[in-house]
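*Asks:* After the sequence you'll find the predicted model.
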There are 2 protein chains.
Amino acid sequence: MTSSEPVPGYTHDDPDLAPSPVTRAELDLLLASVLFGPADQQALHTAGKVLSGQIEQILDVWYGFVGSHPHLVAYFSTPDGAPIGDYLARVRARFARWIADTCTRPYDERWLAYQHEIALRHTEPKKNETDHADSVPHIPLRYIIAFIYPITATIRPFLAAGGHSEEQVEAMHQAWFKAVTLQVALWSQPYAGRAW
Amino acid sequence: MTSSEPVPGYTHDDPDLAPSPVTRAELDLLLASVLFGPADQQALHTAGKVLSGQIEQILDVWYGFVGSHPHLVAYFSTPDGAPIGDYLARVRARFARWIADTCTRPYDERWLAYQHEIALRHTEPKKNETDHADSVPHIPLRYIIAFIYPITATIRPFLAAGGHSEEQVEAMHQAWFKAVTLQVALWSQPYAGRAW
Ligand code: HEM
Ligand code: HEM
């Protein structure tokens, strides 16, 4: 997977992407709340290089985790519980891009807009639409928050595989943890409405 | 702060506490989603002992973090922005109990019920009520999610101060990270309603 291959349904750079309801000022306060600073941005750039050759292995781990839990794979399945292979595969390709994007994209208006699009794709208004999937209508917020743990914990061995010092690996891992927490906070917007 | 001192507004053991809308089965699936198992419970028990003599120092760090960010201390302040000393102090005493509870309480129906009570105390229906505080009406969900990062990252030096091996400290830290993520997932329930 290189970043020049087109990925079905991946619309980060689509000029028609709707703007996010989240403002730049709100983003800045969220960044401060997760203690995200320039050193984290640097560390994520390094992480992007370290992870780029390991994307499929990372996705094997994550899909293995989801696939081994019926209550999770249900969200990639038909309402009566049959996993939808094509849906799993298409989302997997976009997930690969997300790993790279998390490490390399600047946190600007376009990034915010695609964050909002990803949020909506987990909720009733947009889930299934991109892939014309005959799946269940939405993903409960509680699991999105819960996933901060596995998505953060399981990345560490991959960050450590690039031959960096323990201190550098730890800096990459902390930056990743912050970036994932930040994104889940953003993705909770369509779930919480006015209380977001 | 010993666990026998009464803490104003702390109602974990109040027999009149309303039950949680979250079921035991839902809790079990959430525990699986954050990979929480018996080894984590063990590690948290050890953490409880390590942290018990350091509670005030931990709270100094957390309150220092909140106090140094106007957009955060605002939630302990009057609507026109004056911090309310008595409110800060009373919540701090309950926060001290929460640290111990997170490490030592079994995750049963009573624990679930108080989790729900804590959730509500961050939202419009119950914020300010316990302390008769003249403060703003609710805490935005995004900051509650964001706090998973600081509440997890800043605890590590305190976990390491008990003379345990690096491996044991890491096990305590991972268990803490899971427990905090789990609780934030539970606390998002009143914010998300049917999409929780
Ligand atoms: C930290 C939490 C999570 C992260 C980082 C994450 C990441 C992603 C990404 C990057 C995509 C593709 C976005 C795109 O279309 O470009 C996606 C879509 C999807 N995710 Fe998640 N996700 C999380 C939580 C969950 C959970 C808990 C589930 C349920 C098991 C889930 C199920 C799905 C599904 C079914 C899609 C496809 C949605 C659609 O129909 O377009 N995700 N996720
Ligand atoms: C991981 C996230 C958080 C944790 C673990 C946490 C923990 C707690 C605990 C244990 C209590 C006392 C509960 C009781 O009454 O027994 C509390 C109350 C409170 N928290 Fe949080 N909190 C979190 C996020 C936040 C955020 C982001 C803010 C905003 C700055 C905040 C502001 C408050 C306030 C104002 C109260 C008092 C609520 C009332 O009026 O009863 N909390 N929190």
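*Replies:* Cool, the structure landed. Numbers count the residues shown, from 1 in each chain, chains lettered A, B, ... in the order given. Ligands and ions are numbered 1, 2, ... in the order given.

*Asks:* from here on, contacts and neighbour counts on C-alpha atoms
*Replies:* Fine.

*Asks:* quick one: residue A:181 and residue B:150 touch, right?
*Replies:* No. Using C-alpha atoms under 8 Å, residue A:181 makes no contact with residue B:150, being 10.4 Å away.

*Asks:* Now do the shared contacts for those two.
*Replies:* residue A:34 (C-alpha atoms under 8 Å, 6 or more residues apart in numbering or on different chains).

*Asks:* out of the two, which sits in the busier spot?
*Replies:* A count of neighbours by other C-alpha atoms under 10 Å in any protein chain shown puts residue A:181 above the other of residue A:181 and residue B:150, at 27 against 16.

*Asks:* Pretty sure that one sits in a helix.
*Replies:* Yes. Judged by DSSP: H, G, I helix; E, B strand; the rest coil, residue A:181 forms part of a helix.

*Asks:* Distance of it relative to chain B?
*Replies:* Residue A:181 sits 6 Å away from chain B, going by C-alpha to the nearest C-alpha, to the nearest Å.

*Asks:* Not counting sequence-adjacent ones, nearest residue to that residue?
*Replies:* Excluding the flanking residues, the one nearest residue A:181 by C-alpha to C-alpha, 6 or more residues apart in numbering or on different chains is residue B:146, at 5.9 Å.

*Asks:* Likewise for residue A:119?
*Replies:* Nearest to residue A:119 is residue A:187, by C-alpha to C-alpha, 6+ apart, at 4.4 Å.

*Asks:* can you give me phi and psi for the one you found?
*Replies:* Residue A:187 adopts backbone torsions of phi -70, psi -20, taken as degrees, to the nearest 10.

*Asks:* residue contacts, it?
*Replies:* Applying C-alpha under 8 Å, 6+ apart to residue A:187 gives the contacts A:115-116, A:118-120.

*Asks:* got those as TSV, with secondary structure, distance to residue B:25 and neighbour count columns?
*Replies:* Output for the contacts of residue A:187, formatted as TSV (DSSP: H, G, I helix; E, B strand; the rest coil; distance: C-alpha to C-alpha, whole Å; neighbours: other C-alpha atoms under 10 Å in any protein chain shown):
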residue	secondary structure	distance to residue B:25	neighbour count
A:115	helix	31	21
A:116	helix	31	23
A:118	helix	28	20
A:119	helix	26	22
A:120	helix	27	19
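
*Asks:* With distance to residue A:47 and pLDDT as extra columns, can I get these in TSV?
*Replies:* Listed next are these as TSV, based on distance: C-alpha to C-alpha, whole Å; pLDDT from 0 to 100:
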residue	distance to residue A:47	pLDDT
A:115	20	98
A:116	24	98
A:118	22	98
A:119	24	98
A:120	27	98
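
*Asks:* hang on, the earlier thing: any idea of the pLDDT on the residue nearest to residue A:119?
*Replies:* pLDDT for residue A:187: 98.

*Asks:* cool, and the one 5 residues further on?
*Replies:* Looking at residue A:192, its pLDDT stands at 97.

*Asks:* Secondary structure element for the residue minimising distance to the centre of chain A, which one?
*Replies:* Against the mean C-alpha coordinate of chain A, by C-alpha atoms, centre = their mean, the closest residue is residue A:98 at 5.4 Å. Assigned by DSSP states H and E, residue A:98 belongs to helix A:85-104.

*Asks:* Return the residues in contact with residue A:100.
*Replies:* A:48, A:51-52.

*Asks:* wait, I meant residue A:82
*Replies:* By C-alpha under 8 Å, 6+ apart, the residues touching residue A:82 are residue A:74.

*Asks:* Check residue A:49 too.
*Replies:* Residue A:49 neighbours (C-alpha under 8 Å, 6+ apart): none.

*Asks:* Where do the strands of chain A begin and end?
*Replies:* Counting by DSSP state E, one finds no strands in chain A.

*Asks:* Would you mind naming what in it lies close to ligand 1?
*Replies:* A:10, A:72-73, A:75-76, A:91, A:94-95, A:98, A:118, A:121-122, A:127-130, A:139, A:143-144, A:147-148, A:151, A:184 (C-alpha under 6 Å from any ligand atom).

*Asks:* out of everything not next to it in sequence, what's closest to residue A:112?
*Replies:* Nearest non-adjacent residue to residue A:112, counting by C-alpha to C-alpha, 6+ apart: residue A:20, 5.8 Å away.

*Asks:* Quick check: the one you found vs ligand 2, distance?
*Replies:* Distance from residue A:20 to ligand 2, counting by C-alpha to the nearest ligand atom, to the nearest Å: 22 Å.

*Asks:* show me where pLDDT drops low in chain A?
*Replies:* A:1-4 (pLDDT under 70).

*Asks:* where do the helices sit along it?
*Replies:* For chain A, the helices defined by DSSP state H cover A:24-33, A:38-52, A:55-67, A:70-73, A:85-104, A:109-121, A:141-146, A:148-153, A:156-159, A:166-187, A:189-192.

*Asks:* Quick one, which of the ones you listed gets closest to ligand 2.
*Replies:* Across the helices of chain A, ligand 2 has its closest neighbour in helix A:24-33 (8.3 Å, C-alpha to the nearest ligand atom).

*Asks:* to the chain's geometric centre, what's the distance from the closest one?
*Replies:* Distance of helix A:24-33 from its chain centroid, counting by C-alpha atoms, centre = their mean, to the nearest Å, is 18 Å.

*Asks:* contacts for that helix?
*Replies:* With C-alpha under 8 Å, 6+ apart as the test, helix A:24-33 has contacts from A:37, A:108-109, A:182, B:71, B:142-143, B:146-147, B:150.

*Asks:* give me every residue that touches residue A:121.
*Replies:* The contact partners of residue A:121, taken as C-alpha under 8 Å, 6+ apart, are A:127-129.
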